[in-house]
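Sequence plus predicted model, see below.
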Amino acid sequence: GRNGVIAGTTGAAAERAGLEALLQGGGAADAVLTTALAQITLAMGSWVSYAGMLTMVYYDAGSGRFFNLNAGFNTVAGEDDPLSIPAQVNPLSPRPDAEVRPSGRTALVPGFMAGVEAAHEKFGRLPFKELFGPAIYYAEHGFELTPFHAGLINLRRKVLARLPETKAIFAKPDGSWAAAGDVFKQPALAAALRRVADRGAAEMYTGEWARKFVDAVRRDGGKMTLDDLENYRAVWSDPLEIPYGAFKILAPGLPAQGGVHLAEALNVASQA
């Protein structure tokens with residue numbers, strides 16, 4: 001169609017960012033990436049993260065071809081005994097105040113920013129730097145916290161208070177925690193995103209961010225190295241084709257499991 005539809009998970013501000021990318025001459029990839037980048041800032045890095053992952057199934061109208069991008073997590077090369085990794089406390093469990101067992105061994109090699117760059121290189125129309133504009137704006141100028149945001153902070157206070165660097169982001173100068181109605185600013189994040197926008201994803205795989213990330217993981221007993229980050233590559237592959245009635249559904253292909261799970265669910269639905 002000729003009209004763009006933007007869907008997201010964190011509210012209208014991120015979707016508007018994607019819509020503006022379309023209005024400024026960007027294509028679908030620009031809109032998706034702009035929305036995704038803004039969403040993480042607006043989610044405070046909670047349920048999504050710039051050190052997370054990205055998958056994309058993309059239809060290229062020019063060639064009529066479908067593409068699958070897998071920028072999921074990589075395991076750490078030196079992690080050869082996964083069963084000994086300390087279990088983490090689920091904050092939604094009946095015992096949310098149970099003792100937290102921090103371990104750098106739970107960290108994985110992130111793919112999100114490598115995926116952003118790979119998708120933009122293949123399908124982007126706008127300059128790479130422009131994709132970051134809304135995310136940087138909301139990190140620098142802040143946004144009003146909702147009761148939902150405040151609830152997330154309250155739920156994870158024990159974890160957020162463990163390191164002074166983290167507490168400085170989520171707590172006020174008087175020691176109280178950021179609450180609903182507060183304007184939440186993330187100036188250090190804005191600076192980091194500017195470096196990525198200027199230098200590319202390499203900032204998170206070989207630059208200052210990468211070095212700080214590896215140092216933090218290893219301080220808590222992790223085995224990650226700079227080589228783990230430097231060797232990361234996003235993977236282009238064929239999407240999974242799922243026949244369903246008169247339709248053909250294209251879903252993330254292997255090694256991601258989401259497409260396989262969707263195929264199983266639709267097969268069960270067909271039988272039912």
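Nice, thanks for sending it over.

buried ones in the lowest-mean-pLDDT helix or strand in the chain?
Every helix and strand of the chain was ranked by mean pLDDT, DSSP states H and E. The lowest is helix 157-160, at a mean of 91. Residues Leu160 are the ones in helix 157-160 that count as buried (16 or more other CB atoms under 10 Å). In this view, the C-beta of every residue, glycine as well, is placed from N, C-alpha and C.

so what does that helix touch, helix or strand wise?
In this structure, helix 157-160 makes packing contacts with helix 164-170, judged by 3 or more CB pairs under 8 Å, 6 or more residues apart in numbering; DSSP states H and E.

which is the next helix or strand following the helix it packs on?
strand 183-184 (DSSP states H and E).

Check which element follows whichever helix or strand Ala135 is part of along the chain.
Using DSSP H and E, Ala135 sits in helix 133-141. Using DSSP H and E, the helix or strand that follows helix 133-141 in sequence is strand 143-144.

Parallel or antiparallel, which strands does that next one pair with?
strand 183-184 (antiparallel) (DSSP bridges).

Strands along the protein, start to end?
Assigned by DSSP state E, the chain shows strands spanning 54-60, 65-71, 143-144, 183-184, 235-237, 240-244, 247-251.

Just the CA coordinates for the second one, please, in CSV.
Right, strand 65-71. This file holds the C-alpha atoms of strand 65-71, laid out as CSV (Å, rounded to 0.1, in the frame of the first residue of the first chain):
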residue,chain,number,x,y,z
ARG,A,65,12.3,-11.1,-2.5
PHE,A,66,12.0,-11.8,1.2
PHE,A,67,15.0,-11.5,3.6
ASN,A,68,15.6,-12.7,7.1
LEU,A,69,18.1,-10.9,9.4
ASN,A,70,19.3,-12.7,12.5
ALA,A,71,21.1,-10.4,15.0
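
as a whole number, average confidence for it?
What strand 65-71 shows for mean pLDDT is 96.

one step back: report all helices and strands that the helix holding Ala135 contacts.
Using 3+ CB pairs under 8 Å, 6+ apart: helix 133-141 touches helix 12-23, helix 28-42, helix 187-199.

run the last query once more with 6 Å
Counting contacts by 3 or more CB pairs under 6 Å, 6 or more residues apart in numbering; DSSP states H and E, helix 133-141 packs against helix 28-42, helix 187-199.

which residues sit against the shortest one?
Residues from elsewhere that reach helix 187-199, judged by CB atoms under 6 Å, 6 or more residues apart in numbering: 129, 132, 135-136, 139-140, 203, 209.

quick one: it to helix 133-141, angle?
Inter-element angle recorded for helix 187-199 and helix 133-141: 150 degrees (by axes from the mean of the first three to the mean of the last three CA atoms, to 10 degrees).

Taking helix 28-42 as reference, get the angle to helix 187-199.
On the basis of the same axes, to 10 degrees, helix 187-199 is oriented at 160 degrees to helix 28-42.

What are the buried residues along helix 187-199?
Buried, per 16+ other CB under 10 Å, within helix 187-199: 189-190, 192-194, 196-197.

Now do it: distance to the chain's middle.
With CA atoms, centre = their mean, to the nearest Å as the basis, helix 187-199 stands 15 Å off its chain's centre.

go on, stretch 75-85?
Relative to the chain's own centre, stretch 75-85 is displaced by 22 Å; criterion: CA atoms, centre = their mean.

And that stretch, end to end?
13 Å (CA to CA, to the nearest Å).

mean confidence for that stretch?
The average pLDDT within stretch 75-85 is 93.

what does stretch 126-141 give?
Mean pLDDT, stretch 126-141: 98.

what's the answer for stretch 265-272, then?
For stretch 265-272, the mean confidence score works out to 93.

For it, buried residues please.
Quick answer for stretch 265-272 (16+ other CB under 10 Å): Leu266.
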